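*Asks:* Quick one, structure for this:
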Amino acid sequence: MAPELDALARRAELAGLNAASAPREAQVEGWLLRLSPGKAKRSRCVNALAGGTLPLDDLLHRCRPSFEQAGLPLILRLTPFSQPADLDDQLAAKGWTRFDPADVMVLPTLDPFDDAGGLVPLTPAAYAGLIGALRGSSREEIDGHARRLEQASVPHQAFKMTQGDVLLACGQIAIDAGPGGTPAGGIAGLFDIFTPEAQRGRGHGFRLCAALLAEARRQGAVSAYLQVGADNTAAQRLYARLGFLQAYRYHYRSDDPRAWA
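*Replies:* Purely as a prediction, here's the structure:
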């Protein structure tokens, strides 16, 4: 990986962690535990940010009660930046199941995007209700999503595109601050990009993303990132058309069948 792309990948990883901050969090020996129920596994998993000093079995033993108290399976998110460096191999040797691989893609510049027209802003609660209904989420999951959006350390800005009363597409941006602590020079994350099934194949997703990136640029962001399922080839093609590049792949592991059911 070129040094510039590697640096942007690392920035995207940190920005993604900031954007996915959860109301319930804990720290264990440099590992970040997120304990919020819902569909998004990034809000209910362990991010192994530092190796710590304890053996792996002791680390896992200390993490498990927090997840049990939250009624959640213990899940670890594994990235190229996870610590210790051989964590994935150690978990595999223990028989922990690997599941749900996803790709992080990055966009080095937002210069081509300058038209944010057609975006209709939504409150966090309204967006959580909209996307939850589209995905068939439970009331608990919708409420949890709304709380995460409202309490996130990086503000999420939600938008939809419509034609009359018909929803064409919806999504969010979350701008991680630049060097001065403002959006200027920041990196924008695209989240929850969704096109209703009846509207797919008509270019609405592309237009929505282009408008979101233009809005992020208007606010001072200079680059962007997103996370997409490794098997979602249609979405990956769309993002490649926008200029996004493959940065790295991550996945999850757990020893609890509830995690991947």
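*Asks:* where exactly do the helices run in the chain?
*Replies:* In the chain, the segments counted as helices under DSSP state H are 3-19, 56-69, 87-93, 124-135, 139-151, 204-218, 233-241.
*Asks:* neighbours of the closest residue in space to L78 that isn't next to it in sequence, just the number please.
*Replies:* Spatial nearest neighbour of L78, chain neighbours left out: D88 (4.7 Å); criterion: CB to CB, 6 or more residues apart in numbering. All C-beta spots, glycine's among them, are computed from the backbone N, C-alpha and C. Residues lying near D88 (other CB atoms under 10 Å) number 20.
*Asks:* so what's D88 up against?
*Replies:* Residues near D88 by CB atoms under 8 Å, 6 or more residues apart in numbering: L78, S82, R253.
*Asks:* what's the answer for C45, then?
*Replies:* R34, I75, L76, R77, Y252.
*Asks:* which of the residues in stretch 49-61 are buried?
*Replies:* For stretch 49-61, the neighbour count (16 or more other CB atoms under 10 Å) marks L49, G51, G52, L56, L59, L60 as buried.
*Asks:* quick one: which of those is nearest to L149?
*Replies:* Among the buried residues of stretch 49-61, L49 lies closest to L149 (CB to CB), at 23.0 Å.
*Asks:* How far off centre is the helix or strand of the chain with the lowest mean pLDDT?
*Replies:* Within the chain, confidence by mean pLDDT, DSSP states H and E is lowest for helix 139-151 among all helices and strands, at a mean of 86. Chain-centre distance of helix 139-151: 15 Å, with CA atoms, centre = their mean, to the nearest Å.
*Asks:* Please identify the buried residues of that helix?
*Replies:* Using 16+ other CB under 10 Å as the test for burial, helix 139-151 gives E141, I142, D143, G144, H145, A146, R147, R148, L149.
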